[in-house]
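Chemist: Below: sequence and its predicted model.
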Amino acid sequence: MKAAKFGGSSLANATQLKKVVEIVKADDTRRFIVVSAPGKRFATDKKVTDLLVELYQKRNKNESTDSLINEIFEHYKEIGQDFQIEESILQQIYQSLLDLKELAIEDNPHFFDKILSSGENNNAKLIAGVLQAEGVNARYIDPQELGIIVSDEPLNARILSSSYKSIHHWHNSPEILIIPGFFGYTEKGEVCTFSRGGSDITGAIIAAAMNVDLYENFTDVNGISAAHPGVIHHPEPIREITYREMRELSYGGFSIFHDEALMPSYRAKIPVVIKNTNDPSHPGTLITTERKNKDQPIVGIASDSGFSMIYLNKYLMNREVGFTLRVLEIFKDFGLNYEHMPSGIDDISIILRANQLTPEIEEELLRKIAYVIDPDELRITHNLSMVMIVGEGMKQRVGSMAESTAALARKKINIEMINQGASEVSIMFGIHEDREQDAIRTLYYTFFE
Ligand SMILES: Nc1ncnc2c1ncn2[C@@H]1O[C@H](COP(=O)(O)OP(=O)(O)O)[C@@H](O)[C@H]1O
Ligand SMILES: N[C@@H](CC(=O)OP(=O)(O)O)C(=O)O
């Protein structure tokens, strides 16, 4: 049995949807289909979820949403146009969009979630209708009926562990279930979405709950490549990768997969394959617990920007009991999440996402650190990118660090920070944002060509 998730790029228009219908028909073990909201039809197009974000903003400003509603509806109509679907489906979609005009804003903590979730919900209804019209025994199912119950954290829900058992009750469904991705319901029955890109999460939850043999994640490329295709021309494809490696790459900025999405399928030890809707016979990339091909020490290079780093130095820091704890307590008091904290004998660096800082917060934070910790040196660096080389094989291989630093030095890229986790699955380099693409290129050509 398989669960398949189709991303927005696979559902953007009628031509793409025809490919999806063929994929569903081609293998009768594909029993659970998770769908995203319609994606971009062309480079300058807007995906439906982004139009819904605009709708939310307009509602908040009390501006008319009529033209947006029409634009979104026209997109659904275009997707359904080549199929003999029942007229009532499009009417239902139109009505649900009109209902968004009436949704209460006041005392409605799930206002944004309700608007966003309509993108996938309407698409799942449309696709179920299309599959039925094409003779497939399929049905739309609402996440509440299915049992996707989530924590009450607007725009950032998490699945409750009790959900898996309820969802499993549907594993023998005679109909193929068409499930909208990206949201669930709280215990009180309110719609709550996962974070952006969260249809991947729904796919993994369904795969784990139904205990399928394979979770297929369909997108618009032949699996994952060793670096971002926008930076490296024809990067090498990755045929097989472990969950740990994929987790590091997703964290490091591989936008192809939501980084939280792997958790449910990882725990359930279900293999995931990333496949191309436009070329379904291509093997894509397989994500498993252990990879068979151990020859490749480094599988990929990822990067992400928008970091700041606070550097602290205090002579004999290592003798002060509770030093790190006191520093982190300050971060906690400011409600700041940190991402990494490499340390030396007398110094530590704390790296955090810069979008949490305003000039006021930054000033107060530094003042508090100076007062509580009394460091010999305290400074903050902005506009950093984290560039990562990832691969389980690095543990056995001598010299990955030396080759990387030599490659960066050759390009005169200054390394502000190096971090290697205890698991030795990745090495991370903090560099100035301006040199991010140069760093990826030089590291890629060092390890791949
Ligand atoms: N390392 C990588 N390998 C392959 N694709 C990548 C990589 N990094 C980023 N991408 C991009 O991710 C895109 C697919 O992911 P996504 O936007 O989530 O698609 P979907 O709409 O199917 O969910 C690809 O079109 C590609 O441009
Ligand atoms: N539509 C949602 C959820 C999602 O996962 O979409 P996609 O599978 O197209 O990345 C978003 O844009 O965030």
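Modeler: That came through fine. Ligands and ions are numbered 1, 2, ... in the order given.
Chemist: contacts, neighbours, all on C-alpha from now
Modeler: Will do.
Chemist: Averaged pLDDT, stretch 323-343. What do you get?
Modeler: Predicted confidence along stretch 323-343 averages 92 (mean pLDDT).
Chemist: mind checking the end-to-end distance for that stretch?
Modeler: Stretch 323-343 has its terminal residues 12 Å apart, counting by Cα to Cα, to the nearest Å.
Chemist: What are the buried residues along it?
Modeler: For stretch 323-343, burial by neighbour count (16 or more other Cα atoms under 10 Å) applies to V327, L328, I330, F331, L336, Y338, S343.
Chemist: In a markdown table, list those along with secondary structure.
Modeler: Output for the buried residues of stretch 323-343, formatted as a markdown table (DSSP: H, G, I helix; E, B strand; the rest coil):
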| residue | secondary structure |
| --- | --- |
| V327 | helix |
| L328 | helix |
| I330 | helix |
| F331 | helix |
| L336 | coil |
| Y338 | coil |
| S343 | strand |
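Chemist: Which one of these is nearest to ligand 1?
Modeler: Distance to ligand 1 across these (Cα to the nearest ligand atom) is lowest for Y338, with 24.1 Å.
Chemist: Find the nearest non-adjacent residue to that closest one, please.
Modeler: Nearest non-adjacent residue to Y338, counting by Cα to Cα, 6 or more residues apart in numbering: L352, 4.5 Å away.
Chemist: Unless I'm misreading it, the one you found sits right up against E339, doesn't it?
Modeler: Yes. Between L352 and E339 a contact is recorded at 5.2 Å, counting by Cα atoms under 8 Å.
Chemist: before we move on, the earlier item: tell me the bridge partners for the residue nearest to Y338.
Modeler: Beta bridges link L352 to S308 when assigned by DSSP bridges.
Chemist: Can you report how many residues lie near it?
Modeler: L352: 21 surrounding residues under other Cα atoms under 10 Å.
Chemist: Please report the distance of it from ligand 1.
Modeler: L352 sits 22 Å away from ligand 1, taking Cα to the nearest ligand atom, to the nearest Å as the criterion.
Chemist: can you pull the contacts of that residue?
Modeler: The contact partners of L352, by Cα atoms under 8 Å, 6 or more residues apart in numbering, come to F307, S308, M309, L336, N337, Y338, E339, H340.
Chemist: can you list the weak-confidence ranges in the stretch 251-400 of the chain?
Modeler: Within the stretch 251-400 of the chain, no range satisfies pLDDT under 70.
Chemist: residue ranges of the strands in it, please?
Modeler: 272-276, 285-288, 300-313, 347-353, 377-390 (DSSP state E, counting those that start in this stretch).
Chemist: If you count contacts, what does the third one end up packed against?
Modeler: Looking back up the chat, that one is strand 300-313. helix 243-251, strand 347-353, strand 377-390, helix 436-448 (3 or more Cα pairs under 8 Å, 6 or more residues apart in numbering; DSSP states H and E).
Chemist: As PDB, could you dump the C-alpha coordinates of the third one?
Modeler: Going back to what we said before, that points to strand 377-390. The C-alpha coordinates for strand 377-390 follow below in PDB (Å, rounded to 0.1, in the frame of the first residue of the first chain):
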ATOM      1  CA  GLU A 377      34.400  40.700  24.500                       C
ATOM      2  CA  LEU A 378      30.900  40.900  23.200                       C
ATOM      3  CA  ARG A 379      29.900  41.500  19.600                       C
ATOM      4  CA  ILE A 380      27.100  40.800  17.100                       C
ATOM      5  CA  THR A 381      27.500  40.000  13.400                       C
ATOM      6  CA  HIS A 382      24.600  40.200  11.000                       C
ATOM      7  CA  ASN A 383      23.900  39.100   7.400                       C
ATOM      8  CA  LEU A 384      25.300  35.600   7.900                       C
ATOM      9  CA  SER A 385      24.500  32.500   5.800                       C
ATOM     10  CA  MET A 386      25.000  29.000   6.900                       C
ATOM     11  CA  VAL A 387      26.400  26.700   4.300                       C
ATOM     12  CA  MET A 388      26.400  23.000   5.100                       C
ATOM     13  CA  ILE A 389      28.100  20.000   3.600                       C
ATOM     14  CA  VAL A 390      26.100  16.900   4.500                       C
END
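Chemist: Just give me how far the following helix or strand past it sits from the chain centre.
Modeler: As assigned by DSSP states H and E, the chain's next helix or strand after strand 377-390 is helix 400-410. Counting by Cα atoms, centre = their mean, to the nearest Å, helix 400-410 is centred 30 Å from the centre of its parent chain.
Chemist: Stretch 310-328 now?
Modeler: Centroid separation between stretch 310-328 and its chain, computed with Cα atoms, centre = their mean, is 34 Å.
Chemist: wait, what's in contact with the closest residue in space to M388 that isn't next to it in sequence?
Modeler: Leaving out its chain neighbours, the residue that sits closest to M388 by Cα to Cα, 6+ apart is M428, at 4.4 Å. Going by Cα under 8 Å, 6+ apart, M428 touches M386, V387, M388, I389, M417, I418, N419, Q420.
Chemist: quick one, helices of this structure?
Modeler: Under the criterion DSSP state H, helices of the chain are mapped to 14-26, 48-60, 66-80, 87-102, 111-133, 143-146, 163-168, 199-209, 243-251, 262-267, 323-333, 359-373, 400-410, 436-448.
Chemist: rewinding a little: next, format the helices and strands packed on strand 300-313 as a markdown table and append distance to L98.
Modeler: Below are the helices and strands packed on strand 300-313 laid out as a markdown table (distance: least, Cα to Cα, whole Å):
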| stretch | distance to L98 |
| --- | --- |
| helix 243-251 | 37 |
| strand 347-353 | 38 |
| strand 377-390 | 43 |
| helix 436-448 | 44 |
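Chemist: can you list these in CSV and add distance to ligand 2?
Modeler: As requested, the helices and strands packed on strand 300-313 are exported to CSV (distance: least, Cα to the nearest ligand atom, whole Å):
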stretch, distance to ligand 2
helix 243-251, 13
strand 347-353, 20
strand 377-390, 23
helix 436-448, 24
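Chemist: just so I know, which of these lies nearest E320?
Modeler: strand 347-353 (12.1 Å; Cα to Cα).
Chemist: Now that closest one - C-alpha only, CSV.
Modeler: In CSV, the C-alpha atoms belonging to strand 347-353 read as follows (Å, rounded to 0.1, in the frame of the first residue of the first chain):
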residue,chain,number,x,y,z
ASP,A,347,34.2,31.7,24.1
ILE,A,348,30.8,30.8,22.7
SER,A,349,28.9,31.9,19.6
ILE,A,350,25.2,31.9,19.6
ILE,A,351,23.5,31.9,16.2
LEU,A,352,20.0,32.8,15.7
ARG,A,353,17.5,33.7,13.0
